[in-house]
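**Q** Have a look; sequence and predicted model below, questions after that.
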Amino acid sequence: MIKKAVYFIFFINIFSCKNKTTTEQKVSPTIIELNEKTSEMIFSISLNDYPKVFLKEEGIEEWEDFEKLHESMSRISELNLRDVTVELLALSARLKNFTKKKFPEKLEVPQIRSRLKVVQMQADKSRYFSMHYKKDSLVPSLEKLYEAYNALLSRMLTLKDETVAVSSKTVNKD
């Protein structure tokens, strides 16, 4: 009787351990490449001009880190979507180092720092979408990246106008 029980348990284990429904699923990269080759991979996004005049007026025309950041942003706008991943990696690293450094005194304000953090977040989002290649998400995230960067540039320019307005009101009250 014990022999029959052992055989019975043995057969149950054999049949229960086999998983007949497991199948391997592989995604073929050639399908993605064919789709990439057949579709248009170039995008165009507007980038505000480098604020040379503003930086010269503020006495910070030799702010190399900011100049390199602007060059990285302009390079990304010139690439197609297949080549943008490497540039986004470089941009993310450059933004990370840029935020750690001290800004020129006139631009070391929370308004500029917060706009820069938004640019950094959008760069990280774009980098994620470029690595996992979601074409419908990558282009909008790049548009938001440029929108955030253009907002940073315009905020730098309006900050000067605000400080002039505040200082003139302070002078008039005295």
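**A** Alright, I've got the coordinates.
**Q** Can you report how many residues neighbour Met2?
**A** That one is not Met; residue 2 is Ile. A count of neighbours around Ile2, defined by other CB atoms under 10 Å, yields 6. C-beta: built from backbone N, CA, C; applies to glycine.
**Q** And it, how close does it get to Ser130?
**A** Separation of Ile2 from Ser130 (CB to CB, to the nearest Å): 65 Å.
**Q** cool, Asp124 as well?
**A** In terms of CB to CB, Asp124 sits 11 Å off from Ser130.
**Q** what sits against Ala123?
**A** 88, 91-92, 95, 145 (CB atoms under 8 Å, 6 or more residues apart in numbering).
**Q** if you look at these, which of them are in helices?
**A** Residues from the contacts of Ala123 lying in helices, with DSSP state H as the criterion: 88, 91-92, 95, 145.
**Q** okay, these in TSV with pLDDT, distance to Pro110 and neighbour count next?
**A** What follows is these, written out as TSV (pLDDT from 0 to 100; distance: CB to CB, whole Å; neighbours: other CB atoms under 10 Å):
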residue	pLDDT	distance to Pro110	neighbour count
Leu88	90	26	25
Leu91	91	23	25
Ser92	92	22	17
Leu95	92	17	22
Leu145	92	21	26
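**Q** Out of the residues you listed, the closest to Glu61 would be?
**A** Leu95 (21.2 Å; CB to CB).
**Q** my guess is that closest one meets Arg115, correct?
**A** No: using CB atoms under 8 Å, Leu95 is not in contact with Arg115; the gap is 11.8 Å.
**Q** Show me the shaky parts of this protein.
**A** Low-confidence segments of the chain (pLDDT under 70): 11, 13, 15-44, 133-135, 163-174.
**Q** residue ranges of the strands in it, please?
**A** Assigned by DSSP state E, the chain shows no strands.
**Q** what's near enough to touch Val109?
**A** Counting by CB under 8 Å, 6+ apart, Val109 touches Leu159.
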